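Asker: Sharing a model prediction with you, sequence too.
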Amino acid sequence: MDTQVIAIDYGSKERLEGILKNLVGEENFKIVGCIANQWKIKLARRLTTEEIDEIRRNMKLHYLPTS
């Protein structure tokens, strides 16, 4: 597995897991941890720039106010 570090300003492990399951499949990643908004993830393949942007958008949408 390939290790990738992604900066994500908004985050929860559960939310990130859900997004990654949809992108790469449940058995194709492992979240190692997060330090200072830097998520360390082991993946079967490297994420593309577009996929990383999609993750960031989805994580941010989760934290936007709904009122």
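Answerer: Nice, I can see it.

Asker: contacting residues around the most centrally placed residue in the chain?
Answerer: The centroid of the chain falls nearest to residue 16 when counting by Cα atoms, centre = their mean (4.4 Å). By Cβ atoms under 8 Å, 6 or more residues apart in numbering, the contact set of residue 16 is 8, 31, 39, 55, 59. All C-beta atoms are positioned from the backbone trio N, CA, C, and that covers glycine.

Asker: ok, those vs residue 1, which is closest?
Answerer: Of all those, residue 1 sits closest to residue 31, with 11.9 Å by Cβ to Cβ.

Asker: low-scoring pLDDT stretches of this structure, where are they?
Answerer: Scanning the chain for pLDDT under 70 picks out 62-67.

Asker: Now do the helices in it.
Answerer: 13-24, 49-63 (DSSP state H).

Asker: The first one to helix 49-63, inter-axis angle?
Answerer: To tie it back to what came earlier, the one meant is helix 13-24. With axes from the mean of the first three to the mean of the last three Cα atoms, to 10 degrees applied, the angle from helix 13-24 to helix 49-63 works out at 140 degrees.
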